[in-house]
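**Q** Give me a model of this one.
(one chain, ligands or ions: 1)
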Amino acid sequence: MSEPADRAPKQDEPILEVRELTVHHGQLRALDHISLRVFPGEVYAIIGANGAGKSTLLRTIAGLHQPTEGSIRYDGQDVTRIRPERRAISGIVMVPEGRRLFGSLTVEENLQVGATYARKGPWTIERVYELFSWMKDRRAQRTEQLSGGEQQAVAIGRALVANPRVLMLDELSLGLAPVVVQRIYGMLPQILATGLTVLLVEQDVSQALRVASHLQCLLEGRTTLQGTPSEVTPEQVEVAYFGLRSPGGPGGTEGGEPPVSGVGLGGVVPSEEAR
Ligand code: ATP
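**A** Numbers count the residues shown, from 1 in each chain. From the prediction side, this is the model:
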């Protein structure tokens, strides 16, 4: 692979493109012909219930699973068979589900791990300390002593110091109180301002709708809905998320087409702040 990390992407071309991706875990088809195009500067949200295939998708983009079919293009190059380390070095970096910090290492040591193979870029450990103002004073503390929200912040910081171009966030809200989740997601504008593109996975649909510029819903490994938060209705999201079938329509749980009508259960409401 040449040096995609050093070339600025054209804004009208996707920085990340997944084509017809199929991934198996043994006999289980976890992803079934998933396609997506993520453009520079976007916050692209993948939503879906437990087991929908969201983590499998991010992990496959990171190179941790090999697809049985399909391709992954990053900055115009096919990276489907590139090793995970090479992808990370070229700018595809993931904050994994469950944080996966080194609990017996300090905050700063965890950040140093992220900086080991860092690209050149705006993010340094000092800059992470500026983003999370509490962190510098507690840099010598072991991360196992931190709260869940603080650990999540360190995990984000560890990814940022690698200077990603595509930052993949797997279920940031997992196990955190809503107020903590909002605080964490409240940092996104500052992160995006440094030129990053974000691909995130969320089970918390309301949260995803608040921050996303584009939304894609998975159900049992298939795409059931996609569009901008303003294009999709709460009813469509519910149908797509839970696999409910509308009394007046097909419900859209098969194949890649969005459902044509919803069941109106009314639990998910895209707000004014959705964009
Ligand atoms: P969750 O929010 O529960 O993590 P998800 O949408 O991220 O859900 P995945 O973790 O991608 O879903 O899992 C998709 C399917 O693949 C599930 O049925 C899961 O049990 C299965 N699966 C995931 N990882 C593996 C693995 N390493 N080996 C076997 N099966 C797996």
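
**Q** beta partners for the residue positioned nearest the centre of the chain?
**A** When the chain is reduced to its mean C-alpha position, the closest residue under C-alpha atoms, centre = their mean turns out to be Leu200, at 1.9 Å. When bridges are called by DSSP bridges, Leu200 pairs up with Ala45, Leu169.

**Q** who does the biggest helix by length in the chain touch, helix- and strand-wise?
**A** Longest helix in the chain by number of residues, with DSSP state H as the criterion: helix 148-160. Secondary-structure packing of helix 148-160 (3 or more C-beta pairs under 8 Å, 6 or more residues apart in numbering; DSSP states H and E): strand 92-95, helix 107-115, helix 125-131, strand 166-170, helix 178-185. (Glycine included, C-beta is placed from N, CA and C.)

**Q** Just the CA coordinates for that helix, please, in PDB.
**A** C-alpha atoms of helix 148-160 as PDB (Å, rounded to 0.1, in the frame of the first residue of the first chain):
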ATOM      1  CA  GLY A 148     -16.700   3.800  33.100                       C
ATOM      2  CA  GLY A 149     -17.100   7.200  31.500                       C
ATOM      3  CA  GLU A 150     -13.500   8.100  32.300                       C
ATOM      4  CA  GLN A 151     -12.300   4.900  30.900                       C
ATOM      5  CA  GLN A 152     -14.200   5.600  27.700                       C
ATOM      6  CA  ALA A 153     -12.600   9.000  27.500                       C
ATOM      7  CA  VAL A 154      -9.100   7.400  27.800                       C
ATOM      8  CA  ALA A 155     -10.100   4.800  25.100                       C
ATOM      9  CA  ILE A 156     -11.100   7.700  22.800                       C
ATOM     10  CA  GLY A 157      -7.900   9.600  23.700                       C
ATOM     11  CA  ARG A 158      -5.800   6.500  22.900                       C
ATOM     12  CA  ALA A 159      -7.400   6.300  19.500                       C
ATOM     13  CA  LEU A 160      -7.000  10.000  18.800                       C
END
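
**Q** From the chain's centroid, how far away is it?
**A** 14 Å (C-alpha atoms, centre = their mean, to the nearest Å).

**Q** Can you list the residue ranges for strands in the stretch 151-275 of the chain?
**A** 166-170, 197-202, 214-219, 222-227 (DSSP state E, counting those that start in this stretch).

**Q** Now render these as JSON lines, adding mean pLDDT.
**A** Formatted as JSON lines, the entries for the strands of the stretch 151-275 of the chain read as follows, by pLDDT from 0 to 100:
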{"stretch": "strand 166-170", "mean pLDDT": "95"}
{"stretch": "strand 197-202", "mean pLDDT": "95"}
{"stretch": "strand 214-219", "mean pLDDT": "95"}
{"stretch": "strand 222-227", "mean pLDDT": "95"}
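
**Q** Would you mind giving these as JSON lines with distance to the ligand added?
**A** Putting the strands of the stretch 151-275 of the chain into JSON lines (distance: least, C-beta to the nearest ligand atom, whole Å) gives the following:
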{"stretch": "strand 166-170", "distance to the ligand": "7"}
{"stretch": "strand 197-202", "distance to the ligand": "6"}
{"stretch": "strand 214-219", "distance to the ligand": "7"}
{"stretch": "strand 222-227", "distance to the ligand": "12"}
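
**Q** any chance of these in JSON lines, with distance to Ser104 too?
**A** Below are the strands of the stretch 151-275 of the chain laid out as JSON lines (distance: least, C-beta to C-beta, whole Å):
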{"stretch": "strand 166-170", "distance to Ser104": "23"}
{"stretch": "strand 197-202", "distance to Ser104": "28"}
{"stretch": "strand 214-219", "distance to Ser104": "35"}
{"stretch": "strand 222-227", "distance to Ser104": "41"}
